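Q: Pasting a predicted model and its sequence here:
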Amino acid sequence: SQNREIQVDALAPSISYLTTSSDNGPFGVGRTVNIQVVFNEPVALIGGTLVLSLETGLTDREVTINEFATYSTTANGTYTVQAGDESSDLEVLSVSLGTGASVKDERNNNADLTIPADQNLNERSLWNGSGYTPIDIVIESNAPLGFTVGSVTTVGGPLVSGYWNSENTDLQVDVPIDDDATLAGGSIQLRAKVGGNLYTNLGSSVNIPNTDRTQTVSIDANTFEALGFSEDNTITITAIITDNAGNTTTGSASANQLVIDQVVPTITSITASPSETTLALGESSTLTVNFSENVTLSGGNILTTLETTSSGTDRVITTNSHSNADIYSILYTVLADELNSDLDVQSIALSAGSLRDAAGNGTDFTLPVGQGLADNAELNADGILPIDFTVSTVTAVGGTVVASYWNSTNTSLNVNVPIDDDSSLLNGAIQLKALISGGTYQNLGDAVSITAKNTTQTVSIGATILEDLTGFDNSKTLTIKAVITDIVGNEKEGSPS
């Protein structure tokens, strides 16, 4: 007979302890907490769900862990805080199976889902690197009490109650902080609306260090003016208070509204028409500078400086009159030898005098970020003409070829045109021109595309085209030259062959 060993495992797997990967919080509405059920051996959840019942105040919440067939010692669940949930030290009341579910080890033993004594979530500690920290997960879903934003005052320059002027440097907003310990470590986010528009964040949120006090939040001029208000707009300010658990309350707006007066005019954008092209010598584009409000020039000129050559040489265009308008336009015309792959405005300034709005605020000439000429247009300039050239050989082809003669047997005419080593000539054009003695130059055939640079390109003209020239006749002398046009339209007329 043979001896066989049979290994018997009738021990039911069981829960070792409950733990979490989350911090202690506090956790407010919408925040999530990780809860882990750790078993004493690998198990699988089959046929349903594992349900964790939590002690969360008046209404106990449940965390559902979905089926997992891969054996593991840890089952992970996620609890999302809902309105009304409260706990000073989150506890799991029970671990149970959903309908049809089972938790088994690899030998098909059903798990004991009893939570061991002293091993609940609120009874354990986690190693923090230097010692153990108790797991004390705080659930706090109560929003801060309602409040009304207090005084709104300006700082710096002339202070006029209820107004923001061009010399104010800061804004101070008083926000009442309730005697509520959950507010310490929370934050205040000011919100502002312009006229009847929607509220938007005003600056970044600020920390609440202490409670039971009025906290003053300061906003600098740049941040305030980034709201994008205009002259005579009314600014209304409120605030959102967030407690240290993440619960929020939006307060009632301050009774102290601010009316905008003497707003500093700014440059809002620079555009061009045409805006996406390469301008050749003598071609133009209208550049338009847009201001945030109407302005008037007095006692000087507006100097618009453009970088118009790749070498960095600037071009200044002068505007000597501008009255009560929110735009001014200048005509940029390409001059000889100007070359630029992305035309841009380098600066706008005054030669003297002032450029002010109706209330006397001087214009801020800072160029707008993201709205400059190079941002809104792709405008290139090429004022460099093709170099001088001379048409080289002109040769009759076909039949009996006799140098310097065109006879009845010839079938075509080959004209050799030198093409410079210039990339702007590629895909440009050659237009042959013919002069018949006693007449004027006229086009000889159609223009042909330039196919290569730094070469000699042969242009062929058929007999019919040649003999159809006005004035073509026996004993006439034919002189041929060419016009080379680069890709942007700059032309150079060459010397005749």
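A: Great, that's in hand. It should be emphasised that the depicted structure is a prediction, and the values quoted were computed from it without experimental measurement. Numbering: from 1, shown residues only.
Q: tell me how far the ends of stretch 272-280 are from each other?
A: 16 Å (CA to CA, to the nearest Å).
Q: what comes up buried for that stretch?
A: The neighbour-count check on stretch 272-280 (16 or more other CB atoms under 10 Å) flags 272, 278, 279, 280 as buried. (C-beta placed from N, C-alpha, C; glycine too.)
Q: and what of stretch 430-450?
A: Quick answer for stretch 430-450 (16+ other CB under 10 Å): 430-436, 441, 444-445, 447-448, 450.
Q: will you turn these into JSON lines that also has distance to residue 25, pLDDT and secondary structure?
A: Listed next are the buried residues of stretch 430-450 as JSON lines, based on distance: CB to CB, whole Å; pLDDT from 0 to 100; DSSP: H, G, I helix; E, B strand; the rest coil:
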{"residue": "430", "distance to residue 25": "79", "pLDDT": "96", "secondary structure": "strand"}
{"residue": "431", "distance to residue 25": "81", "pLDDT": "96", "secondary structure": "strand"}
{"residue": "432", "distance to residue 25": "85", "pLDDT": "97", "secondary structure": "strand"}
{"residue": "433", "distance to residue 25": "87", "pLDDT": "97", "secondary structure": "strand"}
{"residue": "434", "distance to residue 25": "91", "pLDDT": "95", "secondary structure": "strand"}
{"residue": "435", "distance to residue 25": "94", "pLDDT": "96", "secondary structure": "strand"}
{"residue": "436", "distance to residue 25": "97", "pLDDT": "95", "secondary structure": "strand"}
{"residue": "441", "distance to residue 25": "90", "pLDDT": "96", "secondary structure": "coil"}
{"residue": "444", "distance to residue 25": "88", "pLDDT": "96", "secondary structure": "coil"}
{"residue": "445", "distance to residue 25": "85", "pLDDT": "95", "secondary structure": "coil"}
{"residue": "447", "distance to residue 25": "78", "pLDDT": "96", "secondary structure": "coil"}
{"residue": "448", "distance to residue 25": "79", "pLDDT": "97", "secondary structure": "strand"}
{"residue": "450", "distance to residue 25": "73", "pLDDT": "96", "secondary structure": "coil"}
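Q: and which of the buried residues of stretch 272-280 is nearest residue 54?
A: Using CB to CB, residue 272 comes nearest to residue 54 of those, at 63.8 Å.
Q: hang on, that closest one packs against residue 287?
A: Yes - contact criterion CB atoms under 8 Å: residue 272 and residue 287 qualify, at 5.2 Å.
Q: and for these two, which residues touch both?
A: Here residue 272 and residue 287 have 332, 373 as joint contacts, going by CB atoms under 8 Å, 6 or more residues apart in numbering.
Q: Give me the mean pLDDT for the host helix or strand of residue 189.
A: In the assignment (DSSP states H and E), residue 189 maps to strand 187-194. For strand 187-194, mean pLDDT rounds to 98.
Q: Counting by contacts, list what whichever helix or strand comes after it packs against.
A: Downstream of strand 187-194, the first helix or strand assigned by DSSP H and E is strand 200-201. Secondary-structure packing of strand 200-201 (3 or more CB pairs under 8 Å, 6 or more residues apart in numbering; DSSP states H and E): strand 187-194.
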